[in-house]
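A.B. asks: Fold the stuff below for me.
(one chain, ligands or ions: 1)
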Amino acid sequence: MVIDLVKCMRCHACVAACRVEHFLPLHITWAKLIAHETEMDGIAEVSTYPVRCNHCKDAPCVKVCPTEASHQRDDGIVLIDQEKCIGCRYCVIACPYQNRTFHSKDKNPGYFPGYEKTRFEKKGEELYPHEVGTTQKCNFCVERIDAGQERGLKPGSDWDATPACVNTCQARALTFGDLDDPDSAVSTLIRERGGFPLEEEFGTDPSVFYVDGKIGGKASNIAPEPETTGYHIRHLSTMEESAKKIFADSKVKK
Ligand code: SF4
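C.D. replies: A predicted model of the protein is given here:
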């Protein structure tokens, strides 16, 4: 996955899409926006950026798992088998990116404590149960990928085979695809725009890259074309014009 930090509006739509897609309990978040404060030449700088599991190629969470619940598929996606997870939380400590959360009953009072469960919570228990006492994290919407590929669809290109966060992003800041294919959109973005992973020094070889922006002292140095970065702004302007027209028409009718 590649995250374009210039296009990203920090709108949290990907965070909400992930929550809805997986019926996440309130205390669990798979996709997040992080605010990171650094000091550059005596001046404080705050960077905000989206994060999720990096699906590291050399994943410490997989190495420390005593039951092989945490495992990596041939396509690189790191998953947790809820049936095998014993809730030891070694992986939570091993992940240097803090991308794993333990699903504890004590911390899960529900969306509205003291009230009946919402329809969303009830549906989640039926359609996408999260076992209490297991560890949770982003799975790159593996269900969508697998179901789509069975139908001959291509992850990253076809909606039904692509993660929900990517589909939801109005700014088109997220790109998904095959990093092993040098001609894929993700490989091209990384190559042409100086993509970098988060905290490369951790040595876990992440599969999530960032382009066209700055995180702390790190920056990719090739700016995108203005027409590319302006896409979402133009798109919003078009929406604004449409809204104005609808409003004006409604006044005429009155
Ligand atoms: Fe494991 Fe953390 Fe890497 Fe995800 S980001 S694969 S949880 S080490």
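
A.B. asks: For the rest of this, base every contact and every neighbour count on C-alpha atoms.
C.D. replies: OK.

A.B. asks: how about the residues of the stretch 51-200 of the chain near the ligand?
C.D. replies: Counting by Cα under 6 Å from any ligand atom, the stretch 51-200 of the chain comes close to the ligand at 53-56, 59-61, 78, 95, 97, 99-100.

A.B. asks: go again using 8 Å as the cut-off
C.D. replies: For the stretch 51-200 of the chain, the residues in contact with the ligand (Cα under 8 Å from any ligand atom) are 52-62, 78, 91-92, 94-100, 137-138.

A.B. asks: now those: which count as buried?
C.D. replies: 52-57, 59-62, 78, 91-92, 94-96, 99-100, 137-138 (16 or more other Cα atoms under 10 Å).

A.B. asks: From those, which land in strands?
C.D. replies: Counting by DSSP state E, these place V78 in strands.

A.B. asks: Any idea which helix or strand in this structure has the lowest mean pLDDT?
C.D. replies: helix 226-229 (a mean of 42; mean pLDDT, DSSP states H and E).

A.B. asks: show me what contacts the nearest residue in space to K7 that is not next to it in sequence?
C.D. replies: Once flanking residues are discounted, K7 sits nearest to A173: 5.1 Å by Cα to Cα, 6 or more residues apart in numbering. By Cα atoms under 8 Å, 6 or more residues apart in numbering, A173 lies in contact with 2-8, 166.

A.B. asks: So the protein: which segments form each domain?
C.D. replies: For the chain, automatic domain parsing gives the domain ranges 2-57+97-223, 224-254.

A.B. asks: Quick one: end-to-end length of stretch 151-161, please.
C.D. replies: Stretch 151-161 has an end-to-end distance of 9 Å (criterion: Cα to Cα, to the nearest Å).

A.B. asks: got the buried residues for that stretch?
C.D. replies: 153-156, 159-161.

A.B. asks: Could you do stretch 13-24 as well?
C.D. replies: Using 16+ other Cα under 10 Å as the test for burial, stretch 13-24 gives 14-19, 22-24.

A.B. asks: Is E143 in a helix, a strand, or coil?
C.D. replies: helix (DSSP: H, G, I helix; E, B strand; the rest coil).

A.B. asks: tell me the contacts of it?
C.D. replies: If you count contacts by Cα under 8 Å, 6+ apart, E143 has none.
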